[in-house]
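Asks: below is the structure, and that's it, no one-letter string:
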């Protein structure tokens, strides 16, 4: 949640007091308030999470740490023992400032981080067993959201086709439009079946970060640590796995075997059921990143440089095509009822047209 420099300035003294801080220096850093008290440096964040959710997340994260997992940035307690401060302008939480944010282009230790994510899921599962609060599940709202985005994609395609002088990105988009349309169709049809047969409830719940992204990792003297857990919720672990593959895997040529090998690293910590793997296939089929790039390009044309946009779209469609190839394998190897098992739900074997480089 963004900090409002004018309104929030008035409540910060109250927040500092609740934590028992007498700041020597206060500044902003990538959406966080950096507070130097002389006795320590802290990251203070304004959050949309309710006080009840903050209490819940603090308890689960502490359970995970007590189980031996040290790759989480712990939350600070106030003088009254609460893991948050509630003010007239919103809710705040704090954590010790740790290391550095990941810089763009940094080579990430993919296998290590995926293993850590699996441990978070495995260690938190017993703590959330039977808890109904903060659970999420697929429903008609999600399906309608995906359908709306598919319609928007068709509108962007019409724009590209109607231009008298197509841009370089228009040309690449038109070449890949069928791939993106089929990806949306598969994800939507499969999710509709999942909601129909399983009411959208995943096979099991665990704590999922829900914002898996390089920007939510920090590295320092004690290795890599995950933060920004205020968006976490109870959902299927495959939601995080899909985000990890989409957002942390480096662009470039990959193989289905590489994805299978990474999934086996995850499963060394936490075995997935066949139904969970089919659900993972649905989330990987959903063309999130190409859609977001095209939306920004066609709705905010001055934001992206043409050459950079073309390069990114080619990277993301390459990645999606790799995912689709692997999705076919996940689908074939994990037969069973539910999660879109009808014969009519298929992923096209047809390869996308070759890109013009």
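Replies: Structure's in. What do you need? Here the structure is a predicted model, which means the values were calculated and not measured.

Asks: where's residue 159 relative to residue 62, distance?
Replies: 50 Å (CB to CB, to the nearest Å). All C-beta spots, glycine's among them, are computed from the backbone N, C-alpha and C.

Asks: what's the answer for residue 33, then?
Replies: Distance of residue 33 to residue 62, computed by CB to CB: 23 Å.

Asks: residue 85 too?
Replies: Taking CB to CB, one finds residue 85 at 18 Å from residue 62.

Asks: the more surrounded of the two?
Replies: For residue 85 versus residue 62, the count of surrounding residues by other CB atoms under 10 Å is larger for residue 85: 24 against 15.

Asks: isn't that one right up against residue 21?
Replies: No - Residue 85 is beyond contact range of residue 21, at 11.0 Å (criterion: CB atoms under 8 Å).

Asks: now the helices for the chain?
Replies: 12-19, 51-66, 110-128, 140-162, 168-198, 237-248, 256-269, 274-285, 288-299, 306-333 (DSSP state H).

Asks: which among those is found nearest to residue 98?
Replies: Among these, the nearest to residue 98 by CB to CB is helix 51-66 (13.8 Å).

Asks: contacting residues around the closest one?
Replies: Outside helix 51-66, the residues within contact range by CB atoms under 8 Å, 6 or more residues apart in numbering are 47, 49, 72, 74-75, 82-84, 86, 91, 93, 120, 123-124, 127-128, 133-134, 207, 229-230, 232.

Asks: any regions of the stretch 101-250 of the chain where pLDDT drops low?
Replies: Within the stretch 101-250 of the chain, no stretch has pLDDT under 70.

Asks: who wins for proximity to residue 223 among the helices of the chain?
Replies: Shortest distance between residue 223 and the helices of the chain, using CB to CB, is found for helix 110-128: 8.4 Å.

Asks: between that closest one and helix 256-269, how big is the angle?
Replies: Using axes from the mean of the first three to the mean of the last three CA atoms, to 10 degrees, the inter-axis angle of helix 110-128 relative to helix 256-269 is 40 degrees.

Asks: what angle separates helix 110-128 from helix 237-248?
Replies: Helix 110-128 runs at 150 degrees relative to helix 237-248, counting by the same axes, to 10 degrees.

Asks: how far is helix 110-128 from where the chain is centred?
Replies: Centroid displacement of helix 110-128 relative to its chain, using CA atoms, centre = their mean, to the nearest Å, is 15 Å.

Asks: what does it contact?
Replies: With CB under 8 Å, 6+ apart as the contact definition, helix 110-128 has outside contacts at 59-60, 63-64, 67-69, 71-72, 204-209, 212, 217, 224, 226, 234, 237, 240-241, 244, 248-250, 262, 265-270.

Asks: how about 7 Å then?
Replies: Helix 110-128 has contacts (CB atoms under 7 Å, 6 or more residues apart in numbering) with 60, 63-64, 67, 69, 71, 205-207, 224, 234, 237, 240, 244, 248-249, 262, 265-266, 269-270.

Asks: among these, name the buried ones.
Replies: Listed as buried from the contacts of helix 110-128 are 60, 63-64, 69, 71, 205-207, 224, 234, 237, 240, 244, 248-249, 262, 266, 269-270; burial here means 16 or more other CB atoms under 10 Å.

Asks: hang on, isn't residue 291 packed against residue 149?
Replies: Yes - counting by CB atoms under 7 Å, residue 291 touches residue 149, with 5.6 Å between them.

Asks: any low-confidence regions in the stretch 251-357 of the chain?
Replies: Scanning the stretch 251-357 of the chain for pLDDT under 70 picks out the ranges 252-254, 335-357.

Asks: would you write a ChimeraX line that selects the buried entries of the contacts of helix 51-66?
Replies: The following ChimeraX line selects those of the contacts of helix 51-66 that are buried, judged by 16+ other CB under 10 Å:
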select :47,49,72,74,75,82,83,84,91,93,120,123,124,127,128,134,207,229,230,232
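
Asks: in strands, which of the contacts of helix 51-66 fall?
Replies: Counted as lying in strands by DSSP state E, out of the contacts of helix 51-66, are 47, 86, 91, 93, 207.

Asks: burial count for the nearest residue to the second one once chain neighbours are set aside?
Replies: Yep, that's residue 86 we're talking about. Distance criterion CB to CB, 6 or more residues apart in numbering; nearest residue to residue 86, sequence neighbours excluded, is residue 51 at 5.2 Å. Residue 51 has 15 neighbours, counted by other CB under 10 Å.
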